[in-house]
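J.: only geometry, no sequence info:
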């Protein structure tokens, strides 16, 4: 309810939240109208209008995702489908996840230690540290905040009013939207 973005909801989940009285406020335009049954008294059909942004109350929704899950699609979107070594742009199927500090040398599989890399650069880097083979990153890896993560995993279907809501919550040095 404090306005922190938490997750994308399926329209059926949104209807359930409305029906349970957990929606406290909404923003943005209507994304879907859902019609229900008819009243026996008035014969009027019920209708719930689902807004682009909903603030909800409840324990499950109060748990903000501080460490978004690391997936290849989200990683590749974070790095703009660009190899962080050679700088060229690639399709998803030509990219791989590279550990800046290799796993075999204690590098962790976390946002701050992985970048998108083309197969050629990933193979060239291999098990080496960057300083050992004179390779450089064109951008430093980072963990996206919850608003950035929501934008990353839904970059092709974010409505303008939703992006307007998310954008002020992005870190200032990152290039979204």
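T.: The structure has been received and is ready for your questions. Predicted model only: the values in this text are computed from it and were never measured.
J.: quick one: residue 7 and residue 14, what's the gap?
T.: 11 Å (Cβ to Cβ, to the nearest Å). C-beta: built from backbone N, CA, C; applies to glycine.
J.: Comparing those two, which residue is more hemmed in?
T.: For the pair residue 7 and residue 14, the greater number of neighbours falls to residue 14 (20 against 13), based on other Cβ atoms under 10 Å.
J.: and the more buried one, what does it touch?
T.: 23, 50, 54 (Cβ atoms under 8 Å, 6 or more residues apart in numbering).
J.: will you turn those into a markdown table that also has distance to residue 168, secondary structure and pLDDT?
T.: Output for the contacts of residue 14, formatted as a markdown table (distance: Cβ to Cβ, whole Å; DSSP: H, G, I helix; E, B strand; the rest coil; pLDDT from 0 to 100):
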| residue | distance to residue 168 | secondary structure | pLDDT |
| --- | --- | --- | --- |
| 23 | 22 | strand | 84 |
| 50 | 23 | strand | 87 |
| 54 | 18 | strand | 82 |
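J.: Past the lowest-mean-pLDDT helix or strand in the chain, which element shows up next along the chain?
T.: Using mean pLDDT, DSSP states H and E, helix 59-62 stands out as the lowest-scoring helix or strand of the chain, at a mean of 49. The helix or strand immediately downstream of helix 59-62 is helix 72-78, counting by DSSP states H and E.
J.: Pretty sure residue 153 sits against residue 78.
T.: No - the pair residue 153 and residue 78 fails to qualify as a contact (Cβ atoms under 8 Å) at a distance of 10.0 Å.
J.: Show me where the protein has its helices.
T.: 11-19, 59-62, 72-78, 119-125, 130-133, 146-153, 160-166 (DSSP state H).
J.: for the longest one, which positions count as buried?
T.: When neighbours are counted by 16 or more other Cβ atoms under 10 Å, the buried residues of helix 11-19 are found to be 14-15, 17-18.
J.: repeat for stretch 42-60
T.: Residues 48, 50-56 are the ones in stretch 42-60 that count as buried (16+ other Cβ under 10 Å).
J.: Format those as JSON lines; extra columns: distance to residue 87.
T.: Compiled in JSON lines, these are given as follows (distance: Cβ to Cβ, whole Å):
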{"residue": "48", "distance to residue 87": "48"}
{"residue": "50", "distance to residue 87": "41"}
{"residue": "51", "distance to residue 87": "40"}
{"residue": "52", "distance to residue 87": "35"}
{"residue": "53", "distance to residue 87": "36"}
{"residue": "54", "distance to residue 87": "40"}
{"residue": "55", "distance to residue 87": "41"}
{"residue": "56", "distance to residue 87": "42"}
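J.: Just put the contacts of residue 14 in CSV and tack on distance to residue 162.
T.: Formatted as CSV, the contacts of residue 14 follow (distance: Cβ to Cβ, whole Å):
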residue, distance to residue 162
23, 16
50, 12
54, 11
